[in-house]
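**Q** what's the 3D shape of this:
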Amino acid sequence: MKKYLGSSISAYCAVMLLIFSVFPIGFGIFAISCERSIATFFLLAMCLCCCIGCIFYMWFYRSQLFSWGDFRDKAVYVHTLFQKEFSLDYDKCKGCGIGMYRHAFMNSKNSILGSNVYFIFMSLDYFPEKYRMQINLWKPSQTQIKVQFSKKLYSYLMTVLPKKQAMMLKGDYERYIKHK
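**A** All right, here's what the predicted structure looks like:
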């Protein structure tokens, strides 16, 4: 089962960063071709700075924005743009479960305009509990991944995970999602 290792919000950010890294170049070239003046050269420089900033951001956060996982019987194989593929063996994961964060208007915790975003995480190290309710602050790496929760992925993982990891995931499911 192949799955994007992020949320719908991070997919939106990835698309918008791609747009903001390409569109300003065309706009700057169009502006400079219409009139050559100090203002249009300044505008071109600002457009290039925007493009370069977006490219650097995409490069440093590519593991959050441009990663997908191939969940198989014994391991998940992680593919990231411009990075070597790696895998996490299920039986070596010491941390496996469900975390969440509140995606709300202006970061208000009690906002009715927000929603809870749940993730399934897997880590070769023990999971730090301080990130359980702030999973968005927990950064993926070559030893840990997170993927937005889906019932289909949860059901699949329950069939392939070793007993210990399946029990951790099932306990978190019953605690955080089943009763909501």
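
**Q** host element of residue 145?
**A** In this assignment (DSSP states H and E), residue 145 forms part of strand 144-148.

**Q** Same check on residue 77?
**A** strand 75-80.

**Q** List the buried residues for that strand?
**A** Neighbour counts over strand 75-80 (16 or more other CB atoms under 10 Å) mark 75-76, 78, 80 as buried. All C-beta spots, glycine's among them, are computed from the backbone N, C-alpha and C.

**Q** could the residues you listed go into JSON lines alongside pLDDT and distance to residue 171?
**A** Converted to JSON lines, the buried residues of strand 75-80 look like this (pLDDT from 0 to 100; distance: CB to CB, whole Å):
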{"residue": "75", "pLDDT": "93", "distance to residue 171": "22"}
{"residue": "76", "pLDDT": "94", "distance to residue 171": "20"}
{"residue": "78", "pLDDT": "94", "distance to residue 171": "25"}
{"residue": "80", "pLDDT": "91", "distance to residue 171": "30"}
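
**Q** Just name the closest of those to residue 96, please.
**A** residue 76 (10.9 Å; CB to CB).

**Q** Run through the bridge partners of that closest one.
**A** residue 71, residue 88 (DSSP bridges).

**Q** ranges for the helices of the chain?
**A** 8-34, 38-60, 62-65, 151-160, 163-172 (DSSP state H).

**Q** deepest of these, which one?
**A** Sort the helices of the chain by mean neighbour count, taking mean count of other CB atoms under 10 Å, and helix 62-65 sits at the top with a mean of 18.

**Q** tell me the contacts of residue 156?
**A** 1, 71 (CB atoms under 8 Å, 6 or more residues apart in numbering).

**Q** Using CSV, write out every CA atom in stretch 130-146.
**A** Output of stretch 130-146 as CSV, limited to C-alpha atoms (Å, rounded to 0.1, in the frame of the first residue of the first chain):
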residue,chain,number,x,y,z
LYS,A,130,5.4,15.5,24.8
TYR,A,131,4.7,15.3,21.1
ARG,A,132,1.5,13.1,21.4
MET,A,133,-0.8,16.1,21.2
GLN,A,134,1.5,18.2,19.1
ILE,A,135,2.6,15.7,16.5
ASN,A,136,3.1,18.4,14.0
LEU,A,137,6.2,19.5,15.9
TRP,A,138,7.7,15.9,15.7
LYS,A,139,9.8,15.9,12.6
PRO,A,140,10.2,12.9,10.3
SER,A,141,13.7,11.5,9.7
GLN,A,142,15.4,8.3,8.7
THR,A,143,14.5,6.7,12.0
GLN,A,144,10.9,8.0,12.3
ILE,A,145,7.9,8.6,10.1
LYS,A,146,4.4,9.9,10.5
